[in-house]
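> curious how this folds, go ahead:
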Amino acid sequence: MVMSGAVQNGTPFPPIGPATVQRIIPSYLYEQFQDDDYCQTFVAAFNVMSQEWLDWVNQINLPVWSSLTGALLDWIGAGLYGYPRPTLSFTNTIFIGGYSSTAYNTIAYNQAKPISSSTLVPVTDDVYQRCLTWHLYKGDGFQFSTKWLKKRVHRFLNGANGFLGVNGNTYDVSISWSGSTATITLATSPISQIFQYAVTDGVLALPFQYSFTIVLT
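Purely as a prediction, here's the structure:
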């Protein structure tokens with residue numbers, strides 16, 4: 001069996017700190033300019049600023065989306081992982097036709113007519129991070145099952161800022177099947193409503209062979 005270099009060398013995996021370059025290669029003056037104090041000062045300042053930028057990149061830990069916010073989160077989500085901040089909407093449908101539900105002569109007498117309106121739902125950094133975790137977390141494996149689905153839904157509901165932590169049970173998620181249709185029953189909360197919108201709008205990856213219905217109680 002071939003062992004990895006990390007195991008052979010005794011270094012921990014995953015690494016505790018940044019595994020990238022820690023120090024810049026300093027810039028320097030050509031020999032004919034080294035007696036110029038102004039040029040020496042410029043090069044010294046340039047090296048300090050370059051090291052500060054490298055330290056910042058190592059500290060911010062760009063691949064970890066759960067620690068990023070705002071435009072930087074959008075840049076990494078779209079540019080590094082190929083998943084832009086999604087757009088969510090809520091559709092409300094009402095029926096007009098009953099007495100005093102609409103003005104006279106707008107619809108036929110005794111007729112009912114559905115009126116639908118869509119409202120955009122703000123996608124906060126927290127929701128975006130949960131969506132990124134849904135798409136990028138590979139710890140559940142690739143074999144679809146009811147347990148696989150319950151763990152992902154549970155993680156979406158409880159993993160604030162897309163954090164991967166998950167409780168030891170998934171009692172807050174109920175899933176029942178009827179043929180190829182899964183009914184996911186959740187307690188009503190702001191984040192469970194967001195999850196309902198996300199599934200309805202198709203922004204969360206789910207097996208296309210099945211259809212999913214979200215019920216809030």
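
> now what about stretch 124-133, what contacts it?
Contacts with stretch 124-133, where a contact means C-beta atoms under 8 Å, 6 or more residues apart in numbering, come from 65-66, 68-70, 73-74, 77, 81, 83, 85-86, 88, 123, 155-156, 159-164, 191, 194, 198, 203-204. Yep, even glycine has a C-beta here, placed from its N, CA and C like the rest.

> just the buried ones from those?
Those of the contacts of stretch 124-133 that meet the buried threshold are 65-66, 68, 73, 77, 83, 85-86, 88, 123, 155-156, 159, 161-162, 191, 194, 198, 203-204, by 16 or more other C-beta atoms under 10 Å.

> now, the contacts of stretch 124-133 that are in strands?
Leu88 (DSSP state E).

> output the one helix or strand Leu54 maps to as CSV, restricted to C-alpha atoms.
For Leu54, the element it lies in under DSSP states H and E is helix 37-60. C-alpha atoms of helix 37-60 as CSV (Å, rounded to 0.1, in the frame of the first residue of the first chain):
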residue,chain,number,x,y,z
ASP,A,37,17.9,55.6,-0.3
TYR,A,38,14.6,56.4,-2.0
CYS,A,39,14.6,53.3,-4.1
GLN,A,40,15.6,51.2,-1.1
THR,A,41,12.7,52.7,0.9
PHE,A,42,10.2,52.0,-1.9
VAL,A,43,11.3,48.3,-2.2
ALA,A,44,11.2,47.8,1.6
ALA,A,45,7.6,49.2,1.7
PHE,A,46,6.6,47.1,-1.3
ASN,A,47,7.9,44.0,0.5
VAL,A,48,6.0,44.8,3.6
MET,A,49,2.7,45.4,1.7
SER,A,50,3.2,42.2,-0.3
GLN,A,51,3.6,40.2,2.9
GLU,A,52,0.6,41.8,4.5
TRP,A,53,-1.5,40.8,1.5
LEU,A,54,-0.2,37.3,1.7
ASP,A,55,-1.0,37.1,5.4
TRP,A,56,-4.5,38.4,4.8
VAL,A,57,-5.2,35.8,2.1
ASN,A,58,-3.9,33.0,4.4
GLN,A,59,-5.9,34.3,7.3
ILE,A,60,-9.2,34.9,5.5
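
> tell me what it is packed against?
Applying 3 or more C-beta pairs under 8 Å, 6 or more residues apart in numbering; DSSP states H and E, one finds that helix 37-60 contacts no other helix or strand.

> buried set for it?
Val43, Leu54.

> tell me how far it lies from the chain's centre.
33 Å (C-alpha atoms, centre = their mean, to the nearest Å).

> go on, stretch 36-45?
With C-alpha atoms, centre = their mean, you get 45 Å for stretch 36-45.

> for the record, mean pLDDT for that stretch?
For stretch 36-45, the mean pLDDT works out to 92.

> helix or strand for the spatially closest residue to Ile194 that is not a sequence neighbour, which one?
Using C-beta to C-beta, 6 or more residues apart in numbering and skipping the chain neighbours, the partner closest in space to Ile194 is Val127 (5.6 Å). In the assignment (DSSP H and E), Val127 maps to helix 125-136.

> and that helix, what's its mean pLDDT?
93.

> and what of stretch 69-78?
92.

> what residue is smack in the middle of this structure?
Leu132 (2.3 Å; C-alpha atoms, centre = their mean).
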